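Participant: need the 3D shape of this:
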Amino acid sequence: MATYDWLFSALGLQDWCSENKTDAPMTMAQLLARSGQKGAESGAEAPAVSFWDTPFPSLDELNRSCDAVARTRDMTSWVEQLFLAVKNPLKVVLDPITQPLSWALDGSLWLFQTVPWFVVIPLLLIGVWFATRSIGLIVFVAVSFMFMAFIDHYVPAIQTLSIIFVCTGFSVFLGVPIGILMSRSNALQRFALPVLDMLQTLPTFVYLIPLIFLFSVTESKLYGIAIILYAVVPVIRLTDLGIRLVDQDVIEAADAYGMTDRQKLWGVQIPLAMPNIMAGVNQTIMMSLAMVVIASLVSAPGLGVLVLRGIRNLELGVGLVSGFGIVLLAILLDRVTKASLGRINVTHKR
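Facilitator: As a prediction, this is how the structure comes out:
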């Protein structure tokens with residue numbers, strides 16, 4: 001006897017339960033319960049369930065008393081069927097939109113791996129100099145890349161860096177305009193904040209589930225979209241926040257000078273919000289780097305592949321050394337972006 005037989009008896013739904021039996025396949029637990037029920041009917045007494053151990057009236061528990069009640073697996077199967085029904089129309093729309101991401105990722109990986117190390121590393125150092133004007137950071141970046149090249153981790157490290165550059169670029173390209181629109185519309189902000197909260201709190205592995213169904217694992221945009229969805233949130237939030245924090249007295253002065261909305265945006269609001277926007281870019285880079293390791297599950301190259309190899313083959317040294325390489329890249333990118341942010345703040349104070 002199931003726990004909630006009394007409920008359906010009290011409601012007079014026995015006939016409904018018997019007439020609307022579901023033909024869905026039974027789980028192993030249900031088969032065992034059925035066999036136990038048959039054993040009880042043959043003479044063995046089923047153990048009584050105490051009040052303290054009464055299970056919650058979930059779908060599966062109610063289904064044990066009434067076959068007409070759908071089970072949890074029926075609900076998840078419905079969600080899956082709904083997704084599969086819209087899969088092909090979604091692919092028709094998303095494939096041309098996301099194809100530039102594949103081209104950018106593949107082209108960047110090819111470029112970074114084709115150009116020799118004695119050209120890439122000096123170019124990176126020149127970029128660090130223009131961004132930070134810091135000799136100490138240049139030495140730190142040079143030593144770090146020389147170390148990773150010395151232990152034969154240069155190619156995975158440069159692959160990871162290439163993916164970070166592309167995905168961060170797309171995140172900024174998408175996130176800054178969205179943040180600007182949010183700062184200009186309270187209604188859009190109220191709509192977007194729950195979506196951003198969901199993207200920020202959703203477990204990283206969950207991002208990969210619908211994307212695997214939509215795109216082939218061999219397509220680079222599969223892991224690119226996952227990284228962008230996970231990393232775009234900070235730049236959107238901080239762009240919105242930075243523009244909203246611009247002093248209203250400055251806005252009123254711009255209005256007094258007869259500036260148009262576009263002139264106020266590009267000449268006043270964005271320059272004053274730039275420290276916040278750069279802080280968002282910094283967080284986007286860090287989150288992209290965190291997602292690169294997870295994305296290696298779906299063919300993303302780089303240091304994450306070595307981390308997974310260390311986990312899969314129980315190679316402690318491989319996993320720890322490649323993990324240290326990821327930490328080193330994170331420190332480099334964090335220090336460079338923060339130094340750039342410091343220069344921007346100094347410029348605004350002047």
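
Participant: return the helix or strand in the chain with minimum mean pLDDT.
Facilitator: Every helix and strand in the chain was compared by mean pLDDT, DSSP states H and E; the lowest is helix 28-41, with a mean of 54.

Participant: now the element after that helix, going C-ward?
Facilitator: Where DSSP states H and E defines the elements, the next helix or strand beyond helix 28-41 is helix 59-65.

Participant: can you give me the buried ones in that following helix?
Facilitator: Residues 60, 61, 62, 63, 64, 65 are the ones in helix 59-65 that count as buried (16 or more other C-beta atoms under 10 Å). C-betas here are computed from N, CA, C, even on glycine.

Participant: all helices of the stretch 251-350 of the chain, in order?
Facilitator: Ranges of helices within the stretch 251-350 of the chain are 261-264, 270-295, 303-312, 316-349, based on DSSP state H, counting those that start in this stretch.

Participant: which one's the longest helix in this structure?
Facilitator: Counting by DSSP state H, the longest helix found in the chain is helix 72-114.

Participant: distance check, the most centrally placed residue in the chain against residue 114.
Facilitator: By C-alpha atoms, centre = their mean, the chain has its centre lying nearest to residue 230, at 2.6 Å. The spacing between residue 230 and residue 114, counted by C-beta to C-beta, to the nearest Å, is 28 Å.

Participant: likewise for residue 14?
Facilitator: From residue 14 across to residue 114, the span is 73 Å (C-beta to C-beta).

Participant: what about the two, which has more around it?
Facilitator: residue 14 (13 against 9; other C-beta atoms under 10 Å).

Participant: mind listing what the more buried one touches?
Facilitator: If you count contacts by C-beta atoms under 8 Å, 6 or more residues apart in numbering, residue 14 has them with residue 8.

Participant: burial count for the residue nearest to residue 157 when sequence neighbours are not counted?
Facilitator: Distances taken as C-beta to C-beta, 6 or more residues apart in numbering place residue 148 nearest to residue 157, at 4.7 Å, with adjacent residues excluded. By the criterion of other C-beta under 10 Å, residue 148 has 22 neighbours.

Participant: what is the helix or strand harbouring residue 148 packed up against?
Facilitator: Assigned by DSSP H and E, residue 148 belongs to helix 135-150. Applying 3 or more C-beta pairs under 8 Å, 6 or more residues apart in numbering; DSSP states H and E, we find helix 135-150 packed against helix 117-132, helix 154-184, helix 316-349.

Participant: list the helices and strands the longest one packs on?
Facilitator: For helix 316-349, the elements it packs on are helix 117-132, helix 135-150, helix 154-184, helix 270-295, helix 303-312, judged by 3+ C-beta pairs under 8 Å, 6+ apart.

Participant: so for residue 213, which of those helices sits nearest?
Facilitator: Evaluated with C-beta to C-beta, these place helix 270-295 nearest to residue 213, the distance being 16.1 Å.

Participant: what's the pLDDT at residue 25?
Facilitator: Residue 25 is assigned a pLDDT of 56 by the prediction.

Participant: contacting residues for residue 4?
Facilitator: Taking C-beta under 8 Å, 6+ apart as the criterion, residue 4 is in contact with 57, 61, 62, 64, 65, 66.

Participant: and the fifth one, what does it touch?
Facilitator: What that stands for is residue 65. Residue 65 sits next to 2, 3, 4, 5, 7, 8, 17 when contact means C-beta under 8 Å, 6+ apart.

Participant: biggest separation within the residues you listed, which pair?
Facilitator: Largest separation among these by C-beta to C-beta: 3 and 17, giving 14.5 Å.

Participant: just so I know, which of the helices and strands packed on helix 316-349 lies nearest residue 86?
Facilitator: Closest approach to residue 86 among the helices and strands packed on helix 316-349 is made by helix 154-184 (22.7 Å; C-beta to C-beta).

Participant: helix or strand right after the closest one?
Facilitator: Counting by DSSP H and E, what follows helix 154-184 is helix 186-201.

Participant: reformat the contacts of residue 65 as CSV; add distance to residue 254 and pLDDT.
Facilitator: Formatted as CSV, the contacts of residue 65 follow (distance: C-beta to C-beta, whole Å; pLDDT from 0 to 100):
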residue, distance to residue 254, pLDDT
2, 71, 75
3, 69, 79
4, 67, 79
5, 73, 80
7, 67, 82
8, 69, 79
17, 70, 80
